[in-house]
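Peer 1: Coordinates only, no sequence provided:
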């Protein structure tokens, strides 16, 4: 097991630091608090984070494929141009009412991840590739889902109140199985909402 992070960053708390080009794979990182830190071009493939706190951190051009986030806390964490693939976000620590602005993904690959049942009010999924992502029973109230490809992703009993799906594509959202109140969609992709209704359309 690699111990690079443990050996080189032994402190439990780090504030306003920048980490560049770290390559950490299959390591376990436990009980670290990172506040207002920036990670650039870092690789954390298959790394197991346990009990860590990421507060107002930014991750740019990073690789988080198949990481574990058991009992981790994320507050206003921002991921840009990163690969965050196959992550089970249910493992993280989520207060009963959630944390406003907890997660923001911009131009990220989020394939094969799950956000099932999570409080994601005002979260950002902007210009992402979100293939086969599970949003079942999640609260995406006021979430920014613009310009994202939701191919094969699941929305079931998902709260999409005031969420913005403008220019999003390839989503399959059943209007009668999800909460849609003042939810924004764009044509022609919004026509997909009609497929779940028991109606007949004439050209």
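Peer 2: Sure, I can see it. Predicted model only: the values in this text are computed from it and were never measured.

Peer 1: CA only for contacts and neighbour counts going forward, please
Peer 2: Fine.

Peer 1: how about residue 193, secondary structure?
Peer 2: Under the three-state scheme (DSSP: H, G, I helix; E, B strand; the rest coil), residue 193 adopts helix.

Peer 1: Run a quick check on it versus residue 174, I expect a contact.
Peer 2: Yes: contact status for residue 193 versus residue 174: in contact at 6.3 Å, counting by CA atoms under 8 Å.

Peer 1: the more surrounded of these two?
Peer 2: Taking neighbours as other CA atoms under 10 Å, residue 193 and residue 174 compare with residue 174 leading, 20 against 15.

Peer 1: The more buried one and residue 53, how far apart?
Peer 2: 36 Å (CA to CA, to the nearest Å).

Peer 1: Just give the closest residue to residue 170, not the sequence neighbours.
Peer 2: Nearest non-adjacent residue to residue 170, counting by CA to CA, 6 or more residues apart in numbering: residue 151, 4.9 Å away.

Peer 1: Now residue 189. Nearest residue, chain neighbours left out?
Peer 2: residue 169 (5.9 Å).

Peer 1: go on, residue 76?
Peer 2: That would be residue 102: by CA to CA, 6+ apart, it lies 4.4 Å from residue 76.

Peer 1: Surely that neighbour touches residue 74?
Peer 2: Yes: using CA under 8 Å, residue 102 is in contact with residue 74, at 5.8 Å.

Peer 1: circling back to that earlier point, was I right to think the residue nearest to residue 189 contacts residue 187?
Peer 2: No: Residue 169 is beyond contact range of residue 187, at 9.8 Å (criterion: CA under 8 Å).

Peer 1: Which one's more surrounded, those two?
Peer 2: It is residue 169, of residue 169 and residue 187, that has more neighbours when counted by other CA under 10 Å, with 21 against 11.

Peer 1: Roughly how far does that one sit from residue 192?
Peer 2: From residue 169 to residue 192 the distance is 9 Å (CA to CA).

Peer 1: Residue 142 now?
Peer 2: 21 Å.

Peer 1: which of the two has more neighbours?
Peer 2: residue 142 (20 against 17).

Peer 1: For that one, give me its contacts.
Peer 2: 121-123, 160-164 (CA atoms under 8 Å, 6 or more residues apart in numbering).

Peer 1: these two touch, right, residue 61 and residue 80?
Peer 2: Yes: contact criterion CA under 8 Å: residue 61 and residue 80 qualify, at 6.3 Å.

Peer 1: Show the end-to-end separation of stretch 44-59, please.
Peer 2: 11 Å.

Peer 1: swap in stretch 117-126?
Peer 2: Span of stretch 117-126 from end to end, CA to CA: 20 Å.

Peer 1: same question, stretch 20-28
Peer 2: One end of stretch 20-28 sits 19 Å from the other (CA to CA).
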